[in-house]
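*Asks:* Return atomic coordinates for the entry below.
(2 chains)
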2 protein chains.
Amino acid sequence: MRPISLSLPLDRGSSTPIFEQIAAGLRRGIMSGDIAADSHLPPTRAFAQQLGVSRSTIVTAYDQLVAEGYIQGHPGAGFTVERIGDVSLPSSVPAAKVIEAPGRKSLPFRPGEPDMRLFPHRAWGKAVSRVCRRSPEVLLGAAPRFGLPVLREAIAQHVADWRGLDVDPGQIIVTSGAGDAVEMSLRALCSRGETAALEDPGYRPLKEFITAQGLKPELLTIDDAGAALPKKAQLAILTPSQQFPLGGSMTPQRRHEFLRWAEERDGWLIEDDYDSEFRFAGRPIPALAGLDNSRTVYVGSFSKIFSNTLRIGYAIVPQALLGRFAEVQRQFGTRASMMPQAPLAEFMQSGEFYRHLRRVRRTYGQRRQHLVDALRRDFADIGQFTDHQAGMQIAFHLPQEISDQQIVALAAEQDIVVEALSSYCHATTKYNGLLLGFCGFDEEEMQGALVRLRQVFDLVKT
Amino acid sequence: MRPISLSLPLDRGSSTPIFEQIAAGLRRGIMSGDIAADSHLPPTRAFAQQLGVSRSTIVTAYDQLVAEGYIQGHPGAGFTVERIGDVSLPSSVPAAKVIEAPGRKSLPFRPGEPDMRLFPHRAWGKAVSRVCRRSPEVLLGAAPRFGLPVLREAIAQHVADWRGLDVDPGQIIVTSGAGDAVEMSLRALCSRGETAALEDPGYRPLKEFITAQGLKPELLTIDDAGAALPKKAQLAILTPSQQFPLGGSMTPQRRHEFLRWAEERDGWLIEDDYDSEFRFAGRPIPALAGLDNSRTVYVGSFSKIFSNTLRIGYAIVPQALLGRFAEVQRQFGTRASMMPQAPLAEFMQSGEFYRHLRRVRRTYGQRRQHLVDALRRDFADIGQFTDHQAGMQIAFHLPQEISDQQIVALAAEQDIVVEALSSYCHATTKYNGLLLGFCGFDEEEMQGALVRLRQVFDLVKT
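*Replies:* Predicted structure coming up:
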C-alpha cells in the first residue's frame, strides 16, 4: 500500500511548536476521517523534506500520535492510521488551560526539565481510571509507612533492569521526590553538629537541607575522577553516574576509594542517581549502590520521566538501616501521597511507562545531538564542552572574560532562560559557563533559541 | 408504599463490623434483584429492634449505601432502593486487599483516626476518573508553586464557610499535609537559634520539627483559658479551637493576649486547626486567624476527612509573608503531589465532599455520644473527663495510683489500642490518663472494646 500524500500548513511564528502543529493536523485529519484508517503515513524523511522541517520533528510528531493511540508504528515499515472509533478527544475544559499557562515560551534551556508535551497523558489517565474503577479504596488506603508494596515491587524490578541493583522491595521507601529521600537520609544517618559532604558545584538545595538540619557542610571539589574524598564528614552526597551540573561519571577507582572511606570512617554515602535513565551511548554505568549494599543509600526519582509535580521518588536503604529510617518516619511523618502509588505501579507493570521512557530517550538523544552539533558548529569560538552522551543538560564552559551571569541576564531579555554554571558553585570552586538543558523543547524551538543566544554573545564580544 | 421486611443473618463473632454486614447484605439483595428498585427499606428504628442492634448502626449502614448510590434518602420519608442498572460492583482484585491488611482489629481507640470504611470510595474514584478523562494533563501539570489554583479557590471557599475566614486564594499554599505546612512556616519565620513555643502536652512531632531545624523549644503549659503565653519564643504553635490532646478551646481573652503578644514582640502564631470540622454542638469557634490577618499562619488539613494518606494540607499565609514562603519553597522544593489536587477540587465543588463530611459528622457525633455515655455509666469510678462536644477523641483522666502506661500495656495484650496521655507530655507537665479516639470504629466494636478495657481496669484495681 502506498503512503498517502499530505499537505499541512505550518505557522512558524506561532507559539505552538512545529511538531505539535504537525501532530495536531494529522490528529484532526484522522478524527474527521479525511485520513482513513489503515492509511500509511508519509515516510518521515520524505515528509520532513516536503514540509521543510527536520526529520526528527516528524519523528516526534509521529511518536506523539503513537503515544496517543492515533497511529501505529511498524518497525521498518512506517506508520499506519488506527481505527479510532473508540477514541474520544479530550474536550478543552478550562482545567486544561492551567498546564499551558506558566510561561512555556521561557522554558528553553532549563536543566533537567522533561518535555511534558511528549508525555502519554491519556494512557496515564486511563491507568489511573483503571485503579479508580477496580479498587478506589487503594487510592486512600492505609499502607505500610514505606509505601504501597506493589509499587515497591515495581521499583525493585526497575532498578534491577536499569541499574543492575539487586534489592528486596522491603528495602525501598517511597518518598515525596528525591529531596524528601535525601532529607530523610540525613535525619537517619547524621546527628546535629556532624558534617555532611556535598559536591561543589552541585544541586543547590542540598546545602539548604544540610544546614537546615543543624549539620555542617563540607564542600568536595570535582576533578577528572569525580568528587574528592571528604576530610571531616561522616556522610557524602554524590552523583557518581553523572556529576551534576558538570556531567561525567566517577571513575571505578574513585568509587572504590569512597566505599573504603565509608568503611574505615564508619561513614555513609548517598547516591543521588537523578537522571541515570538518560544515557545515550555506551554501556550503562553501574550504580555505586550495586558495589556495596551496606553503606550506600540509593536515591532515585520519577521527576525526570514523569513530571516533578508527581512528587514520587524513592530511597533504597541497606537492610541494617531500615529501623533508623522507620524511626525517622515515625517522628516526622510521611510526605509521599498514597494516591499516585497504585496507578504508577500499574503504569510500570503494564509497560506503558517503559514505552514512554524508550520514546523520550530517543527524542532527547536527538535533541542532545542537535545541541552538540550546534555548539560545535556555531559556538566553537565562544566556549567549550565535553560530550558525556548522557543526562539532560550540557555544561558549556566560557572563558573568564565572558561573565556567565551577564549572559544569563541579557538572554533573559530575549526570553531565553539559561542558567549560569557559577550559580551552582558554593565556595571552593568557580566555574563560569552555561548549563544548557536540551530536553524541554524540540529542535525547531532549540534552533530559534540558539540563534538568539548567539546574538547575545555577539553583543557581548563586540 | 409499605416498607419491605428483611431478614439478615449477622455474625457477631466476625471481624467484619455489624454495620458493614448489614450494608453488604442489602447491597447483595439490591444487586441480585431480590430487593426491587423503588422498594422502601425498613425504618431504622424498627429494623434495629428486629436485628437487635443499635439504631445508629442501621443509620450508618444506610448512609453507606446512600454514599455508594444503592439507595436514596428522603427526609422524613425513609429510604428507597435506586435503579442500579448502571452500577458495577468493584471486583475484589488483589489490590483491594491491601487496605484491609494492616491490622484493622487493633485500631479501636486510636486518636484522630477517621473510619475509612465510611468514605465514599466509589464517588472519589469517579471524581478522579472524570479528571482523567477530561484533562489528564492536569494530573501532572505544572502549576504555580503554591498549588493548583482551582483547589486553592475551593479551600478559600471551604474556610469561608466552615471557619469564617475571608482569604484570597493567593494566600493559600497547598502542602503535603499539616506537618509540611508547619515545617515550612518554621523555616519561613524563624532563624537558627531562635525559640519556638509549643503546647505541653501537644502533638508529638512538633518538638521534632522545632529541634530538627536548630530551634529551641519553649513548652507552654495549658490552663483553663488555653496555652500560657511564651516568655522567650518568637513564634508559638497553638491549637486554639480544640487543644490537642486535652480538648477544650482557648478563651477569647487568651486569644487576644496572644495576638497582643505577637504584635508587641514582632512574633508569629501558627494556628493548627487540625480537626475543627468536627464540632458536634454549639456554635463553631472562630479561627484565631479570623481575628488577625497579619501575624497568624493558619494550618488546615484534609487528613481527618479524607485519609491522611492523601497527604494534602494547607497553610493560609498573611499577604506580607508570601514572599518568605515562596523563598522557602524555592530553596527546599515542594512536597505536595499535584495529582490529588484537581480531583480534590472537583470533589469539593461537586458537593460530594460536603455530603461525606455531613455524614461522618453525624456518625462521629453518635459514636462520641456512645463513648460519653459509656464512660459516665461504666467508668465513673475509675476516672473523669470533660465533654467538650468536639474533636475526634476524649481525654480520660486517671488518678495517680493508676499508671496510664500500665493500662496501655495491659490493654495491648487484649488487642485494645489506646494511647497514654503521659506520652503527649514533654517536660513541664505530667498528665495521667487515656486518649480515647472514638471515630475509627462503630458502636458495636466500641462496646466490645470498652468491655475489655473495663476488665483491664478491674485487673489493675484488685
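*Asks:* all strands for the stretch 301-450 of chain A, in order.
*Replies:* Assigned by DSSP state E, counting those that start in this stretch, the strands in the stretch 301-450 of chain A fall at A:313-316, A:393-397, A:419-420, A:433-437.
*Asks:* and those strands as TSV, adding mean neighbour count and mean pLDDT?
*Replies:* The way it works is simple: take the backbone N, C-alpha and C, and place the C-beta from them, glycine included. Formatted as TSV, those follow (neighbours: other CB atoms under 10 Å in any protein chain shown; pLDDT from 0 to 100):
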stretch	mean neighbour count	mean pLDDT
strand A:313-316	26	97
strand A:393-397	22	97
strand A:419-420	20	95
strand A:433-437	26	97
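*Asks:* so residue A:238 touches residue A:249, yeah?
*Replies:* No - Residue A:238 lies out of contact with residue A:249 (CB atoms under 8 Å); the separation is 10.8 Å.
*Asks:* ok so, going back, TSV for the strands of the stretch 301-450 of chain A, including distance to chain B?
*Replies:* Putting the strands of the stretch 301-450 of chain A into TSV (distance: least, CB to the nearest CB, whole Å) gives the following:
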stretch	distance to chain B
strand A:313-316	11
strand A:393-397	18
strand A:419-420	14
strand A:433-437	15
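*Asks:* so which of those strands gets nearest residue B:400?
*Replies:* Evaluated over these, closeness to residue B:400 peaks at strand A:313-316, with 44.4 Å, by CB to CB.
*Asks:* Show me the shaky parts of chain A.
*Replies:* A:1-2, A:15, A:31-32, A:67-69, A:84-107, A:282-284 (pLDDT under 70).
*Asks:* Show me the residue sitting in the middle of it in space.
*Replies:* Geometric centre of chain A, nearest residue: residue A:304, 2.5 Å, by CA atoms, centre = their mean.
*Asks:* Compute the number of surrounding residues for the nearest residue to that residue once chain neighbours are set aside.
*Replies:* Counting by CB to CB, 6 or more residues apart in numbering or on different chains, residue A:275 is the residue found nearest to residue A:304 once chain neighbours are left out, at 4.8 Å. The local packing of residue A:275 (other CB atoms under 10 Å in any protein chain shown) involves 25 other residues.
*Asks:* Next: residue A:168.
*Replies:* 12.
*Asks:* Excluding chain neighbours, give the residue nearest to it in space.
*Replies:* Take residue A:168 and drop its neighbours on the chain: the residue closest to it by CB to CB, 6+ apart is residue A:156, 7.0 Å away.
*Asks:* any idea which element the one you found lies in?
*Replies:* Using DSSP states H and E, residue A:156 sits in helix A:149-163.
*Asks:* Alpha carbons of that helix, in PDB - could you do that?
*Replies:* Only the C-alpha atoms of helix A:149-163 are listed here, as PDB (Å, rounded to 0.1, in the frame of the first residue of the first chain):
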ATOM      1  CA  PRO A 149       4.000  -2.900  48.300                       C
ATOM      2  CA  VAL A 150       3.100  -3.300  44.700                       C
ATOM      3  CA  LEU A 151       4.900   0.000  43.800                       C
ATOM      4  CA  ARG A 152       7.900  -1.000  45.800                       C
ATOM      5  CA  GLU A 153       8.000  -4.300  43.800                       C
ATOM      6  CA  ALA A 154       7.800  -2.400  40.500                       C
ATOM      7  CA  ILE A 155      10.600  -0.100  41.600                       C
ATOM      8  CA  ALA A 156      12.800  -3.100  42.600                       C
ATOM      9  CA  GLN A 157      12.200  -4.500  39.100                       C
ATOM     10  CA  HIS A 158      13.000  -1.200  37.600                       C
ATOM     11  CA  VAL A 159      16.400  -0.700  39.300                       C
ATOM     12  CA  ALA A 160      17.200  -4.400  38.600                       C
ATOM     13  CA  ASP A 161      16.600  -3.800  34.900                       C
ATOM     14  CA  TRP A 162      18.000  -0.300  34.600                       C
ATOM     15  CA  ARG A 163      20.600   0.000  37.300                       C
END
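*Asks:* got the buried residues for it?
*Replies:* Within helix A:149-163, the residues that count as buried by 16 or more other CB atoms under 10 Å in any protein chain shown are A:149, A:150, A:151, A:152, A:153, A:154, A:155, A:156, A:158, A:159, A:162, A:163.
*Asks:* got it, and stretch A:345-355?
*Replies:* Judged by neighbour count using 16+ other CB under 10 Å, the buried positions of stretch A:345-355 are A:345, A:346, A:347, A:348, A:349, A:352, A:353, A:354.
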